[in-house]
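Visitor: Return atomic coordinates for the entry below.
(one chain, ligands or ions: 1)
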Amino acid sequence: MSLPPLSPSPEPETEAGRAGLAALLAEPARAVLAFDFDGTLAPIVTDPREARAHPEAVPALARLAPRLAGVAVITGRPAADAVRYGGFEGAAGLEGLTVLGAYGAERWDAADPVVRAPEPPAGVAAVRAELPAVLAEAGAPEGTWTEDKGRALAVHTRRAASPDQALERLRAPLYALAERHGLVVEPGRMVLELRPPGADKGAALAGYVRERSATAVAYAGDDLGDLSAYAAVTALRSEGVPGLLLYSAPETDAEMVPRLRAESDLRVPGPAGLAAWLHALADAL
Ligand SMILES: O=P(O)(O)OC[C@H]1O[C@H](O[C@H]2O[C@H](CO)[C@@H](O)[C@H](O)[C@H]2O)[C@H](O)[C@@H](O)[C@@H]1O
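Guide: Residues are numbered from 1 along each chain as shown. Below you'll find the model as predicted:
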């Protein structure tokens, strides 16, 4: 008979990460796990509307969640989209799941499944009205696509012939448009999103950790928007809450985020690798 492993493999590369994992394994009922959605729980696809959680993501989370102080998805997506694309509503084992959407401006709890969010500021409607003309004026290449997220507008270039060049062409006009209407630009993987200021994943994660009175935290992400959550884990560590930072690495170096890579404690190969690691964590628990 083989014994279950004491620790999931691969193990964290850093001492801080090993301390975070050790704290999680020692007292899982006081630990929080939090995840970005696209690129972390869901593989990257060319059409954002086609994104779905990796088939092993929900099963792995469902094994872990009942043992933990909390599991949260913290995403730039509207909370409702993440819930739908993730297949989270009604999933057995995820009755305590929280989804913090729009970088923490929206909240959905599986135990009370409605989206709670303040009204978006007027600047969002103004940007929505002006954006088509701004894109036309800037010569947005074919394949440029705008995702209307309700409280934000995301301009995607993944489907353009040269996505990086397209992004560069649009950068200055989109920053100027956002500034004119009191919005900020959130850059990401082949996307520039114009959104209201005032929310970020770091504040959302820190608030969730406090709410759950957690004494250990792990966070997994893949994109620039996750840097604030990484910073929140670093700050929590300095307050005596051990933490583990996972990086869901993209398939190509071109989409690698060097700072996330450098600041992470543990790298896994994309959503499939993360789901496998989470199953190994569940085995170890
Ligand atoms: O915070 P996240 O959960 O990572 O969401 C960030 C953005 O993800 C989506 O865009 C990204 O994924 C798409 C689907 O795989 C991909 O086509 C696109 O190139 C990526 O940037 C989403 O569409 C955005 O609204 C999110 O803000």
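Visitor: When you work out contacts or count neighbours from here on, use the C-alpha atoms and nothing else.
Guide: OK.
Visitor: Tell me how far Arg180 lies from Gln165.
Guide: Using CA to CA, to the nearest Å, Arg180 is found at 24 Å from Gln165.
Visitor: just Arg67 next, same as before
Guide: As judged by CA to CA, Arg67 and Gln165 stand 46 Å apart.
Visitor: Of these two, which one has the most company?
Guide: The residue with more neighbours, out of Arg67 and Gln165, is Arg67; 17 against 14, by other CA atoms under 10 Å.
Visitor: Quick check: the more buried one touching Ala29?
Guide: Yes: in this structure, Arg67 is within contact of Ala29 by CA atoms under 8 Å, at 5.7 Å.
Visitor: Same question for Arg237, what's its three-state structure.
Guide: For Arg237, the assignment made with DSSP: H, G, I helix; E, B strand; the rest coil gives helix.
Visitor: One more: Leu194?
Guide: Counting by three-state DSSP, the backbone at Leu194 sits in strand.
Visitor: which residues does it bridge with?
Guide: Leu153, Val185 (DSSP bridges).
Visitor: How many residues are close by it?
Guide: Count around Leu194 with other CA under 10 Å applied: 29.
Visitor: Likewise for Gly188?
Guide: Neighbours of Gly188 using other CA under 10 Å come to 18.
Visitor: Would you mind measuring from it to Ala214?
Guide: 29 Å.
Visitor: What residues does the stretch 51-200 of the chain have near the ligand?
Guide: The stretch 51-200 of the chain comes close to the ligand at residues 51, 75-77, 158, 188-191, as judged by CA under 6 Å from any ligand atom.
Visitor: Dump those into a markdown table; add secondary structure as well.
Guide: A markdown table is the format used below for those (three-state DSSP):
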| residue | secondary structure |
| --- | --- |
| Ala51 | coil |
| Thr75 | coil |
| Gly76 | coil |
| Arg77 | coil |
| Arg158 | coil |
| Gly188 | strand |
| Arg189 | coil |
| Met190 | coil |
| Val191 | strand |
